[in-house]
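Student: here's a sequence, model it:
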Amino acid sequence: MKGRLGNLYELQLIDKQLDELEELRGDLPLIVNELNAHMEVLQNNINAKLEEKEEAQKTRLANDAEINTLQEKLKKYKAQLFKVRNNKEYDALTKEIDFSETNILEMEEENKEIENRVGVLSLEIEEIQDELNKLQEEFKEKEEELKKIIAINEKEEAHLNKLREAVVEKIRKNDYNTYMRIRKAKGGIAVAPVYRGSCSGCHNVIPPQRQLEIKQNNRLFSCEACGRILVSAEIAKEIEASFKNK
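Tutor: Next up, the predicted model:
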């Protein structure tokens, strides 16, 4: 049981140091992720507007081609007016002329709207691109800053993770799950030594009889106030002394 308690406390010491390394990074990981997500949104917005712009330009080109075709037909229809032999032929030609002229006007009006929309889209794309460029610069700065911090502590973090893996292998699965659950709920501190008759995690006073039982190292005890796993001061000192040499 003493080894069981010692392993849990050693895991706590390792995780505490890993947490301290994580704190050195501050909010940088979160900032980098948020910047990256924002850049992705802006890029998707730009892509959508570029696609809309491209489709609008295709429509305009198609309209231009159709207008040219209709104008050619108009020339023929108007030339044929001088050659009609009866009212029926005249009415048919004038109908085709009216239809062509109406279509031409409608497509020309649509092209004006497309031109305006393309202009608006171009301005919007330019504005978003400016914002994206600024974010990319900020992202690059923050990412480089984060990489430097990670590089400085890379060896220490790798060493601690290796120690952690070795300790976790010696801990019972149920104990580890309990440890992680408490650690998550209590700000990273799941195991607390008993100092001066109190839980070092929440400073709640522990009854004298319970203190004696904890010192015997015969079973796992939890603080009645905060729920942390309690270990005796003797185990804590022994593990801390041993950990300094690792």
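Student: so where's the protein uncertain?
Tutor: 246 (pLDDT under 70).
Student: quick check: next helix or strand after the longest helix seen in it?
Tutor: Secondary structure of the chain per DSSP state H: the longest helix is helix 87-152. Beyond helix 87-152 on the C-terminal side, the first helix or strand identified by DSSP states H and E is helix 154-170.
Student: in stretch 33-50, what's buried?
Tutor: Buried residues in stretch 33-50, counted by 16 or more other Cβ atoms under 10 Å: 35, 39, 42, 46, 49. Just so you know, the C-beta spots here come from the backbone N, C-alpha and C atoms, and that holds for glycine as well.
Student: same question for stretch 177-189.
Tutor: Result for stretch 177-189 [16+ other Cβ under 10 Å]: buried residues 178-179, 182-183, 186, 188-189.
Student: give me the domain ranges for the protein.
Tutor: 28-152, 172-243 (automatic domain parsing).
Student: among those domains, which is the most enclosed?
Tutor: domain 172-243 (a mean of 16; mean count of other Cβ atoms under 10 Å).
Student: from the chain's centroid, how far away is it?
Tutor: 36 Å (Cα atoms, centre = their mean, to the nearest Å).
Student: before we move on, what about stretch 170-177?
Tutor: 32 Å.
Student: same check on stretch 23-41?
Tutor: That offset, for stretch 23-41, works out to 8 Å (Cα atoms, centre = their mean).
Student: list the contacts of that stretch.
Tutor: Stretch 23-41 is contacted from outside by 132, 135-136, 138-139, 142-143, 145-146, 149-150, 153, using Cβ atoms under 8 Å, 6 or more residues apart in numbering.
Student: going on from the longest strand along the chain, what's the next piece of helix or strand?
Tutor: For the chain, the strand with the greatest residue count under DSSP state E is strand 191-195. Proceeding N to C from strand 191-195, the next assigned helix or strand is strand 198-199, under DSSP H and E.
Student: next, residue 226: phi, psi?
Tutor: Per-residue torsions, residue 226: phi -110, psi -10 (degrees, to the nearest 10).
Student: gap between stretch 119-136 and the chain center?
Tutor: For stretch 119-136, the distance to the chain centre is 22 Å (Cα atoms, centre = their mean).
Student: mind checking what secondary structure the residue of the chain positioned farthest from its centre has?
Tutor: For the chain, the largest distance from the centre (Cα atoms, centre = their mean) belongs to residue 85, which lies 75.9 Å off. Secondary structure state of residue 85, per DSSP: H, G, I helix; E, B strand; the rest coil, is coil.
Student: separation between it and residue 75?
Tutor: 20 Å (Cβ to Cβ, to the nearest Å).
Student: contacts for the one helix or strand residue 177 maps to next, please.
Tutor: According to DSSP H and E, residue 177 maps onto helix 173-185. For helix 173-185, contacts defined as Cβ under 8 Å, 6+ apart pick out 4, 8, 11-12, 15, 168, 171, 189-191, 220, 227-229.
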